[in-house]
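Visitor: no sequence for this one, just the structure:
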């Protein structure tokens, strides 16, 4: 088939190619339209509504495919000059509520994490088990996204006592931000770096190097390991909705970050000085680092667990 596409004042005929599988799928759906008795050569809102009714035993994904086929038909007929109703705002995705872990579940997760022993004995797997204990605590205590934690480089982190912080570069929305780190968590990260260098001879640019020290962890690996550790807790129930890494970040966690402009080219001198003061002294935004300190006290039973 060909579609009429108008650009400015010029109308083009655009040839559309469908694979054999797509053609068969569309043909099957159009045959159902004919069997329904829709003989009028126009797609109306009533036809779209009836066609979009979810059948018994039908999943939302298949319903979305059926509506997509009808929408493509409407677009094709509209390109031929036939006034048709074009279905919109349908989706195969369903929204689910987040699984928010309570305090006991979080403690149980970290107890299992600390007792985790890799199934395969070897230097590489023992090293990764040590890194898991540090990176999951950093994610929890600082509210980082998985991609932000795994891509952190040593050059992006200042682990100095009293003003430890991490620079998160080009994250969601292509924004930079500074995340302050509690002293006990910063000490854990420093210990992780020392063990990597002294015990394993690894001097990677990444704060948490993967099996290949020159590469960061993959998000899929961290998600899979989280599920494995969670399955060992007494709160894991087969067949029930399972939490994700982000579920560890509970609503009671205070904010420990401040956004900064990606470019300071248009920032005034007073604003730049004030921003630098905020970065140098966290207490300017968190009085006496209260938000960070209170959090570290609450997680002390497992935030300060030695890695070695």
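Guide: Looks like it arrived, so ask away. On a predicted model such as this, the values are computed, not experimentally measured, just so you know.
Visitor: what bits of the chain have low per-residue confidence?
Guide: 1-39, 91-96, 248-306, 308 (pLDDT under 70).
Visitor: Looks like residue 70 contacts residue 45 (just checking).
Guide: No: counting by CB atoms under 8 Å, residue 70 sits too far from residue 45 to count as a contact (11.6 Å). Where you see a C-beta, it was placed from the backbone N, CA and C, and this is true even at glycine.
Visitor: Between these two, tell me which one has more neighbours.
Guide: For residue 70 versus residue 45, neighbours defined as other CB atoms under 10 Å are more numerous around residue 70 (23 against 11).
Visitor: And the strands in this protein?
Guide: Secondary structure of the chain, counting by DSSP state E: strands at 2-7, 10-15, 157-158, 165-168, 176-180, 257-260.
Visitor: Given the fourth one, what are its sheet partners and their directions?
Guide: The reference is to strand 165-168. strand 157-158 (antiparallel), strand 176-180 (antiparallel) (DSSP bridges).
Visitor: Find the one among those strands with the highest mean neighbour count.
Guide: strand 176-180 (a mean of 20; mean count of other CB atoms under 10 Å).
Visitor: Based on its surroundings, how many neighbours for residue 199?
Guide: By the criterion of other CB under 10 Å, residue 199 has 13 neighbours.
Visitor: how about it, what does it touch?
Guide: Contact partners of residue 199, counting by CB atoms under 8 Å, 6 or more residues apart in numbering, are absent.
Visitor: Quick check: it vs residue 126, distance?
Guide: Residue 199 sits 9 Å away from residue 126, going by CB to CB, to the nearest Å.
Visitor: that older thread, the strands paired with strand 165-168 into CSV, with extra columns for distance to residue 137?
Guide: Listed next are the strands paired with strand 165-168 as CSV, based on distance: least, CB to CB, whole Å:
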stretch, distance to residue 137
strand 157-158, 14
strand 176-180, 14
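Visitor: among those strands, which is nearest residue 104?
Guide: strand 176-180 (26.4 Å; CB to CB).
Visitor: State the distance from the nearest residue to residue 77 once chain neighbours are set aside to residue 66.
Guide: Nearest non-adjacent residue to residue 77, counting by CB to CB, 6 or more residues apart in numbering: residue 84, 4.7 Å away. With the distance defined as CB to CB, residue 84 ends up 17 Å from residue 66.
Visitor: What are the boundaries of the helices in this structure?
Guide: Taking DSSP state H as the criterion, the chain carries its helices at 20-35, 45-51, 60-79, 103-114, 123-142, 146-150, 183-198, 219-230, 269-280, 290-298, 300-303.
Visitor: thinking again about what came up before, how much space between the residue nearest to residue 77 and residue 49?
Guide: 14 Å.
Visitor: go on, residue 227?
Guide: 40 Å.
Visitor: quick one: which of these two has more around it?
Guide: With neighbours defined as other CB under 10 Å, residue 227 and residue 49 compare such that residue 227 has more, 14 against 11.
Visitor: nearest residue to that one other than its sequence neighbours?
Guide: Excluding the flanking residues, the one nearest residue 227 by CB to CB, 6+ apart is residue 242, at 6.6 Å.
Visitor: Name the residues of stretch 155-174 that come out as buried.
Guide: Residues of stretch 155-174 classed as buried: 156-157, 159, 163-168, 171 (neighbour count, 16 or more other CB atoms under 10 Å).
Visitor: who are the neighbours in contact with the closest residue to residue 204 other than its chain neighbours?
Guide: Leaving aside its chain neighbours, residue 204 sits nearest to residue 213 (4.5 Å; criterion: CB to CB, 6+ apart). By CB under 8 Å, 6+ apart, residue 213 lies in contact with 202, 204, 206.
Visitor: Buried ones from the residues you listed, can you make that a PyMOL selection?
Guide: Of the contacts of residue 213, the buried ones can be selected in PyMOL as follows, counting by 16+ other CB under 10 Å:
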select buried, resi 204+206
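Visitor: can you put the contacts of residue 213 in CSV and add distance to residue 175?
Guide: Shown next, in CSV, are the contacts of residue 213 (distance: CB to CB, whole Å):
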residue, distance to residue 175
202, 31
204, 26
206, 21
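Visitor: what's the neighbour count on residue 128?
Guide: When counting by other CB under 10 Å, one arrives at 19 neighbours for residue 128.
Visitor: go on, the one 3 residues further on?
Guide: Neighbour count of residue 131, defined by other CB under 10 Å: 18.
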